[in-house]
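K.L.:
Just a sequence and a predicted model for now, questions to come.
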Amino acid sequence: MGGRDATMVLLDENGIRCDGRKVDEPRRIMIKAGGLKNADGSAYIEFGDNKILVGVFGPRDVHPKHMSNTDTGILRVRYHMEPFSVGERKNPAPSRREIEISKVIKEALEPAVMLEKFPRTAVDVFIEVLQADGGTRCAALSAASVALADAGIPMRDMVAACASGKVADTIVLDVNNEEDQAGQADMPIGYMPSLEKITLLQLDGVLTPEEYKKCVDVGVQGCKIVYDIQKKALKDKYFGKGDD
Ligand code: UDP
């Protein structure tokens, strides 16, 4: 957390946030299924000013072979930020943060993907963050779910993700970059709406037990909004735009 700009008003007297949103309003979300011809499945997401492309490959042979599992398929996830994706150029070498986010996204997707149907194989998910503006792990996780579905990988449900948080002593939906830097808490949530199961929950900051519960509730509501947009992206690709 740590205040970057102490003078910035995070929440005004009318309950409007620094980017003009209401407390329960997510940023603009656009998801497109497909688009990469060399991938088995792909998706592109714009979530506010985040722009992220995901390519899925597999199920395919595992190299090196000893990493394969005779009982089940394995999921491999690489989250990568382009050096130009942030204001201050990011070092192209994999950072601890990218390794951590790759791991949490993989673990958030695993309950959704029916890997047991593909023993000895791997499904690879490559995430390229082209532009980052706070909340990339949630946007990437949501896009990865659509890319997996686009690849025809059998899934129990899609994982939809959205963060909630605490800003100016108020619980808000979908924390933006400024709120993440100067706010009091940030809680990324991944949720499978049809199964009503949370697969990702992280918390940066301090909350009371009541605030914690409210943050989970608000975040889950955000995931449900994202879920509808994920389903629409797949319907638009496979049944044509305009269909419900
Ligand atoms: N960020 C950055 N440089 C970096 C890493 C992150 O400017 O090397 C910014 C980026 O906009 C990112 C935000 O910090 O979205 C918050 O990063 P965090 O680690 O909280 O993950 P995220 O919210 O993206 O899931």
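P.N.:
All right, it came through fine.

K.L.:
can I assume residue 43 sits in a helix?
P.N.:
No: assessed with DSSP: H, G, I helix; E, B strand; the rest coil, residue 43 is strand; it does not lie in a helix.

K.L.:
how close does the spatially most central residue of the chain sit to the ligand?
P.N.:
Nearest residue to the geometric centre of the chain (CA atoms, centre = their mean): residue 138, 2.2 Å. Taking CB to the nearest ligand atom, to the nearest Å as the measure, residue 138 falls 6 Å from the ligand. All C-beta atoms are positioned from the backbone trio N, CA, C, and that covers glycine.

K.L.:
Just confirm that residue contacts residue 186, I think it does.
P.N.:
No: in this structure residue 138 lies outside contact range of residue 186 using CB atoms under 8 Å: 10.2 Å.

K.L.:
Next up, the contacts around the closest residue to the residue nearest to the centre of the chain other than its chain neighbours.
P.N.:
Excluding the flanking residues, the one nearest residue 138 by CB to CB, 6 or more residues apart in numbering is residue 161, at 3.8 Å. Contacts for residue 161 were tallied using CB atoms under 8 Å, 6 or more residues apart in numbering; they are 108, 137-139, 141-142, 188-191, 200, 223, 226.

K.L.:
Looking at those, state which has the most neighbours.
P.N.:
Neighbours here mean other CB atoms under 10 Å. Within those, the largest count is held by residue 141, at 34 neighbours.

K.L.:
what's the next secondary structure element after the helix-or-strand element of the chain with minimal mean pLDDT?
P.N.:
Ranked by mean pLDDT, DSSP states H and E, the weakest helix or strand in the chain is helix 177-182, scoring a mean of 92. Counting by DSSP states H and E, the next helix or strand C-terminal to helix 177-182 is strand 185-192.

K.L.:
List the buried residues of the following helix or strand past that next one.
P.N.:
Past strand 185-192, further along toward the C-terminus, the next helix or strand under DSSP H and E is strand 197-201. Of the residues in strand 197-201, 198-200 count as buried by neighbour count, 16 or more other CB atoms under 10 Å.

K.L.:
on that earlier part again, how about the least confident helix or strand of the chain and the ligand, touching?
P.N.:
Yes: Helix 177-182 reaches the ligand (CB under 6 Å from any ligand atom) through 177, 180.
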